[in-house]
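Undergrad: I would like to see how this sequence folds:
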Amino acid sequence: MSLRIPSAFGLATLLLVAPATRAADLTSQVDAAFSAFGPTTPGCAVGVALDGVTTLTRGFGMADLERDVPIGPDTIFEAGSVTKQFTAAAVLMLARDGKLSLDDAARRYVPEVPDYGMPLTIRHLLNHTSGLRDWGALEGVAGWPRTTRVNTHAHVLEVVKRQRALNFTPGTHWSYSNTGYNLAAIIVQRVSGQSLADFTRARIFEPLGMTRTSWRDDHTRIVKGRAQAYDLVDGVFHLEMPFENVHGNGGLLTTVGDLLAWTSSIAAGKIGGPGFLAEMEKAVSFSGDPTRGYGLGLMMDTRRGVRQLDHSGSTAGYRAHLATYPDPRVSVAVLCNGSNGGATTRAYQVADLYLGERTSLAPPPAVTHTLTSEETARVEGLYRSTLSGAFVSFIHDKNGVRVEGGGALLAQSPTRFLTPGGQSWEFEGDRARYTDRYDVVPYVRVAPVTPSAADLAEFVGNYASSEAGLTLGVIADGDALIVTRTPDTRMRLRPVYKDAFYADQLGVIVFRRDAGGKVVALSVSQERIWDLRFEKK
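TA: Take a look at the predicted model:
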C-alpha cells in the first residue's frame, strides 16, 4: 500500500490523524518483510521512528536456538560497523571540547603509527582515507581471520607498527579500514583519560536514555538479553560469536530502540550541540574530484531521490543496518543474529514502506543507449586496477555488456555505463574509470595469459613479509602453481594477466621483477590491502 504524504505535514502527524487501519496495514507489511524468520531460525528486530518518535518495534525469530528464547523489541544485538558513528561522535566531542583537532596528526596521540613521511590525520582515520591497511584483513592473510582468536587493541597496534607502507597517500583515495576506528578508540582513551566505554556511557548513552547499550570490550562479559549469533552452513545453523575484544570499529551492543533514540537525538541537536550532525555529514573530497559519500562514520547518498544517512554492519553472525532520511524524518533500524539475516535489504524494504510515494520520484537506472556490435567490442576485455592490481572482465550476452561473474551494465552512451546500483564505468581506448560514491578507480586493459610450465618455474620459491609476519611458499604442481601457508593451507593460483594470479583465500597475487626481469617479490592485494609485499628468499 502506498502512503501519500502531503509535503506540509510530517509523517508522524499524518499517522496520528490517519485511520488506525493505515498504521495496522504498515505493520502487517513490515511483518511480511520478516516472515522468513520463525521458531526454528535466528531472526531480526526492527524499529521505525517518525519525526523523532519511535512508532514501531518488532522482533522475529529466535535470540537463542538452544534455549528457545524469542527475539523481542528489546533484544540486544551487536551492531557491527553501525558502531563507527558512535566512535566518530566521541572523537568529535573531544574536538569540540578543545582537547584535539580532527586535523591533528594521528601520530601525535598514537606514536606507534609509523612515520610515513606524509600527513596522516585523525580525520583520515575516520573517513577511511588514511591508506592504513585493515588489520583484520592482514590477519586473514596470515591465516587468522577475525573472530578466530581473541584480539585486543594491543594486537592492533602490533600489526600497525609492522606496516612499512600504506595503500595510498593519505587523502588521495578511499579504502574501508577498521584500523582507523580502532586507533580512534585508542585516541579517545588517551586524550580523555577514560575508556571509550566509559566516555560514551557518560556523554552519549546515559544522557539519551540508551540503557541497553554497551561495548563488547570484553567478549566474556555476561550481557543479559543478548541474542546469540549464528551462521548458516549447508542448511544448518552454527554458533558464530565475535570472540575478540577490539572495538570502536564495531562491538556496540545495542537494541533497535536505543539506535532510534540516537538518531532522533543527534538530529535534534541534543548531542554535541548545534552543527554536530552537520560536521559528521561533512563528506570526504579528493583533489579534482567531486565530494564523495562518506563522512565521519556515516554513508551519505540518496535512495530513489530521498536523501539518506546510513551504515551497515557485520561482525561474526550479526548483521545490522541503520538508515535515516532527514526529510521527511524517518529512521529505520534492523538488527539480526544470523548471517543470512539480510539486514540492509530488509531495512530498505521497511524504509520504502514508510517513505511511500517519495521513493517513486527517481526511477532506478535503465539503458538509454543501444550498443552496436562495434561499440560492444571496444568495451569487452580484461582490465586491471592501476591502484591495487584488482581485475574485472567485461563480456556480452543477448542482454548487452556485463561484468563476468557479476551483473549487467546499463549503457548510457557508447562509452559510459551504469550498474543497477548507480555506479559508473567510463571507457576511453584501453582505459576505464570506475566511480562509486566513495572513490574513482582507474583501470587499464590487459591481456589474459596462459603461462607455460617454464613460465611458472620462475615463480617457485619462498616469499617472506615482516608486515604480515608470514612466509608463503610457491610450488609447481603440474601445470599449476600452489601457494602454501603453515600449518596446512594450500591454495591453487589461477592465472589472470602477465605475472598476476588469483587465490580464493588471498586475493590477487602479482609477482614483481627487478630491472633484469628476475622475479624478486610478490604482492598480495585485496579490497582493503593494496600491494602487501613479500620478498623472495
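Undergrad: can you give me the buried ones in the lengthiest strand in the chain?
TA: The residue-count maximum for a strand in the chain (DSSP state E) belongs to strand 306-315. Of the residues in strand 306-315, 306, 308, 309, 310, 311, 312, 313, 314, 315 count as buried by neighbour count, 16 or more other C-beta atoms under 10 Å. Glycine gets a C-beta too; all of them are placed from N, C-alpha and C.
Undergrad: who touches that strand?
TA: Strand 306-315 has contacts (C-beta atoms under 8 Å, 6 or more residues apart in numbering) with 78-85, 146-147, 229, 242, 250-251, 281, 297-302, 319-327, 343-344, 347, 355, 358-359, 361.
Undergrad: kindly report the same for stretch 262-269.
TA: Outside of stretch 262-269, the residues within contact range by C-beta under 8 Å, 6+ apart are 49, 52-54, 86, 89, 204, 208, 210, 271-272, 276-277, 280, 322, 324, 326, 329, 331, 333.
Undergrad: how many residues are close by residue 68?
TA: Look at residue 68: counted by other C-beta atoms under 10 Å, it has 10 neighbours.
Undergrad: how far away is it from residue 61?
TA: 12 Å (C-beta to C-beta, to the nearest Å).
Undergrad: go on, residue 385?
TA: Residue 385 sits 40 Å away from residue 61, going by C-beta to C-beta.
Undergrad: tell me, how many neighbours does residue 406 end up with?
TA: Neighbour count of residue 406, defined by other C-beta under 10 Å: 11.
Undergrad: now swap in residue 225 and tell me
TA: Residue 225: 14 surrounding residues under other C-beta under 10 Å.
Undergrad: now it: closest residue in space, sequence neighbours ignored.
TA: Excluding the flanking residues, the one nearest residue 225 by C-beta to C-beta, 6 or more residues apart in numbering is residue 76, at 4.9 Å.
Undergrad: would you mind giving the domain segments of this structure?
TA: The chain breaks down by automatic domain parsing into domains covering 78-360, 373-446, 453-536.
Undergrad: same list (those) but as CSV, adding mean pLDDT and distance to residue 31.
TA: Below are those laid out as CSV (pLDDT from 0 to 100; distance: least, C-beta to C-beta, whole Å):
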stretch, mean pLDDT, distance to residue 31
domain 78-360, 94, 11
domain 373-446, 94, 28
domain 453-536, 96, 36
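Undergrad: just those: most buried one?
TA: domain 78-360 (a mean of 20; mean count of other C-beta atoms under 10 Å).
Undergrad: sorry, back to before: and the residue nearest to residue 225, what pLDDT?
TA: Looking at residue 76, its pLDDT stands at 98.
Undergrad: again with residue 361
TA: pLDDT for residue 361: 65.
Undergrad: in its sheet, what does the one helix or strand residue 535 maps to sit against?
TA: Element membership for residue 535, per DSSP states H and E: strand 532-536. With DSSP bridges as the test, strand 532-536 is paired with strand 461-465 (antiparallel), strand 519-525 (antiparallel).
Undergrad: run through who's touching it.
TA: Outside strand 532-536, the residues touching it (C-beta under 8 Å, 6+ apart) are 133, 138, 141, 165, 461-465, 467-468, 470-472, 512, 519-525.
Undergrad: cool, stretch 503-523 as well?
TA: The contact list for stretch 503-523 (C-beta under 8 Å, 6+ apart) reads 140-141, 388-391, 458-459, 461, 463, 472, 474, 483, 489, 491-494, 496, 499-502, 524-527, 529, 531-536.
Undergrad: again, only this time at 6 Å
TA: Residues outside stretch 503-523 that contact it (C-beta atoms under 6 Å, 6 or more residues apart in numbering): 389-390, 458-459, 463, 483, 491, 493, 499-502, 524-526, 531, 533-536.
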